[in-house]
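J.: test case, fold it:
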Amino acid sequence: MTAFILIGLIALISGILFLVAPGMLIKLSGLLNQIVSTDHKTLKYRISVGIIFIIIGLFFLFMAYYFSNPY
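T.: Numbers count the residues shown, from 1 in each chain. Predicted coordinates:
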């Protein structure tokens, strides 16, 4: 379950950075290239990529919540 939270937070933060601060992604590209590719095509479609990462992040956080609270 901790992995779901970690992946969800990384995806959510990456998605927000794609939408709000793409310049910061370029600065952090050394670290983020291990997780997400920040090449020119990715930055060209940064809004779509950001929204997809936010959706993935929210999905993983929801799954962590769902698994931690059995009915």
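J.: pLDDT value on Gly23, please?
T.: Looking at Gly23, its pLDDT is 83.
J.: which SSE is it in?
T.: For Gly23, the host element (DSSP states H and E) is helix 22-27.
J.: need the contact partners of stretch 40-54.
T.: Identification of contacts with stretch 40-54 by C-beta atoms under 8 Å, 6 or more residues apart in numbering yields Ala11, Leu12, Ser14, Gly15, Ile16, Leu17, Phe18, Leu19, Pro22, Leu25, Ile26, Val36. Every residue, glycine included, has its C-beta placed from N, CA and C.
J.: switch to 7 Å and redo it
T.: Ala11, Leu12, Ser14, Gly15, Ile16, Phe18, Leu19, Pro22 (C-beta atoms under 7 Å, 6 or more residues apart in numbering).
J.: who wins on neighbours among those?
T.: Counting neighbours by other C-beta atoms under 10 Å, Phe18 leads the contacts of stretch 40-54 with 25 neighbours.
J.: how close does the residue nearest to that one when sequence neighbours are not counted sit to Val20?
T.: Nearest non-adjacent residue to Phe18, counting by C-beta to C-beta, 6 or more residues apart in numbering: Gly50, 3.2 Å away. Computed with C-beta to C-beta, to the nearest Å, the distance linking Gly50 and Val20 is 8 Å.
J.: give me the more crowded residue out of those two.
T.: Gly50 (20 against 11).
J.: what about the more buried one, which helix or strand?
T.: Here Gly50 is assigned to helix 46-68, by DSSP H and E.
J.: flag every buried residue along stretch 40-50.
T.: Judged by neighbour count using 16 or more other C-beta atoms under 10 Å, the buried positions of stretch 40-50 are Thr42, Leu43, Arg46, Val49, Gly50.
J.: reformat these as CSV; add pLDDT and distance to Thr2.
T.: CSV is the format used below for the buried residues of stretch 40-50 (pLDDT from 0 to 100; distance: C-beta to C-beta, whole Å):
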residue, pLDDT, distance to Thr2
Thr42, 76, 28
Leu43, 78, 31
Arg46, 87, 29
Val49, 89, 26
Gly50, 90, 25
